[in-house]
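# sharing a sequence plus its predicted fold:
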Amino acid sequence: MPIKIKNFLTIYIIGLSISVMFYEKLFGQANFIYTLLFVTVLMIIGIWIFPEVVTKKTTTGNGDSKNIEKDSSNNN
């Protein structure tokens, strides 16, 4: 994922969580703020640490079996 998108998502998550924290504090649900803070930090860490899943497209549709056959022939 490009850095620009990660930066935008991080700022968006922080802004949204601050607004929800303010909303919850306004209506007296202060205990929920700690859970929200934990989830916010977890989401931001997840965006920056875990890589994006990339899948390979095969034209034959059965590409995995051919790769196994090639690997086994190289080992013999």
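Cool, got the structure. Numbers count the residues shown, from 1 in each chain.
# what residue lies at the spatial centre of the protein?
Central residue of the chain (C-alpha atoms, centre = their mean): Ile47, 4.4 Å from the mean position.
# so what pLDDT did that one get?
Each residue has a pLDDT score; the one for Ile47 is 91.
# in three-state terms, label it for me.
The three-state assignment at Ile47 reads helix, by DSSP: H, G, I helix; E, B strand; the rest coil.
# hmm, it is touching Lys6, no?
Yes - using C-beta atoms under 8 Å, Ile47 is in contact with Lys6, at 5.6 Å. The C-beta positions use only the backbone N, C-alpha and C, and glycine is treated the same way.
# and the longest helix anywhere in the chain, what does it pack onto?
Using DSSP state H to define each element, the chain has its longest helix at helix 3-26. Helix 3-26 sits against helix 31-49, with contacts defined as 3 or more C-beta pairs under 8 Å, 6 or more residues apart in numbering; DSSP states H and E.
# hang on, the earlier thing: list the contacts for the residue nearest to the centre of the chain?
Contact partners of Ile47, counting by C-beta atoms under 8 Å, 6 or more residues apart in numbering, are Met1, Lys6, Leu9, Thr10, Ile13.
# mean pLDDT per helix and strand in the protein: which one sits at the bottom?
helix 63-75 (a mean of 55; mean pLDDT, DSSP states H and E).
# end-to-end on stretch 22-40?
End-to-end span of stretch 22-40 (C-alpha to C-alpha, to the nearest Å): 14 Å.
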